[in-house]
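Student: Predicted coordinates and the sequence they were generated for:
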Amino acid sequence: MERSTRSVMLVFTRCTDPKREKQFNDWYDNVHIAHILENQTPGLITVKRYEVRPSSTEPGRARYVAVYEMSSPEPDAVYARMRATMNKRRAEGSTYSIDCLERVNLSCYRRQTTVHPPGLKADSIDGTQGIMVALLQPKPGAKEKTFEDWYVGTHLKDAAMPGIFHTVSRFVNTDPKNGGKSLTLLETDWKDVEKACEKQKTFFPKFTYPKGIKDTYDRVVVAAYQRVL
């Protein structure tokens, strides 16, 4: 993730026709995202796209996620500008949609904090090959404060500590009712994100999990994705 990223938009999608998967991916990467970046929308830095790994697949889950990195703290405003430009281009015939696209969810998040492994300098990070996406919904009331104190104060540092994920970023949803209030993106340079996740699990016994902490939140999505663009 770019150091200047202040917010992100996550777009979960799938192709509705398995026979057109190749066409869908070609359109998404070489038409849709290419044209979005070509527009140079103020506030948009870049777009990266990932495919869910088999170990994370659940019925109904989107197969792909596109991560739009933004330099603005107002991702909804950047998205509105981006959408207006693309709609204008469609009307003019300089870009087009595809009829086998299903957008499962679109949510915008403001960056809250980022943690790196001890001793790692941010400018030494050599790319991201895969991500873990953790969308969580804290339970209301006193439990939410308990969750926030533990998650931000302790858990993010625990997650970064092994060095398997070079960047651990926590975001807060601009619309908490859509897609989970809390988003954590864990980025790795491992070419196989599933192996990275398995290795990460071996460190779980060293992580701090206060008694009852798992009762303070619900998991919306926790999944591993490999980069495709």
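Tutor: Perfect, thanks for sending it. Residues are numbered from 1 along each chain as shown.
Student: measure Glu194 to Leu185 for me?
Tutor: Between Glu194 and Leu185 the computed distance is 17 Å (CB to CB, to the nearest Å). To be clear about C-beta, it is placed using only N, CA and C from the backbone, and glycine gets the same treatment.
Student: Same check on Tyr79?
Tutor: Computed as CB to CB, the Tyr79 to Leu185 distance reads 18 Å.
Student: quick one: the longest strand along the chain to chain centroid distance?
Tutor: The longest strand of the chain (DSSP state E) is strand 101-115. Distance of strand 101-115 from its chain centroid, counting by CA atoms, centre = their mean, to the nearest Å, is 6 Å.
Student: again with stretch 54-72
Tutor: Distance, stretch centre to chain centre, for stretch 54-72: 6 Å (CA atoms, centre = their mean).
Student: Likewise for stretch 116-125?
Tutor: With CA atoms, centre = their mean, you get 20 Å for stretch 116-125.
Student: Name the surrounding residues that touch the helix ranked longest in the chain.
Tutor: If each helix of the chain is counted by residues according to DSSP state H, the longest one is helix 75-92. The set of residues external to helix 75-92 that reach it, using CB atoms under 8 Å, 6 or more residues apart in numbering, is 7-9, 35-36, 39, 41-44, 68, 70, 72, 95-97, 106, 108-110, 174.
Student: Could you tell me which of those count as buried?
Tutor: With burial judged by 16 or more other CB atoms under 10 Å, the buried subset of these is 7-9, 35-36, 39, 41, 43-44, 68, 70, 72, 95, 108-110, 174.
Student: if I look at the residue located most distally from the centre of the chain, how far off is Arg81?
Tutor: In the chain, the residue that sits farthest from the middle, by CA atoms, centre = their mean, is Glu92; the gap is 31.5 Å. Between Glu92 and Arg81 the computed distance is 17 Å (CB to CB).
Student: for Ser94, same thing?
Tutor: 17 Å.
Student: How about Asp26?
Tutor: Asp26 sits at a distance of 26 Å from Arg81 (criterion: CB to CB).
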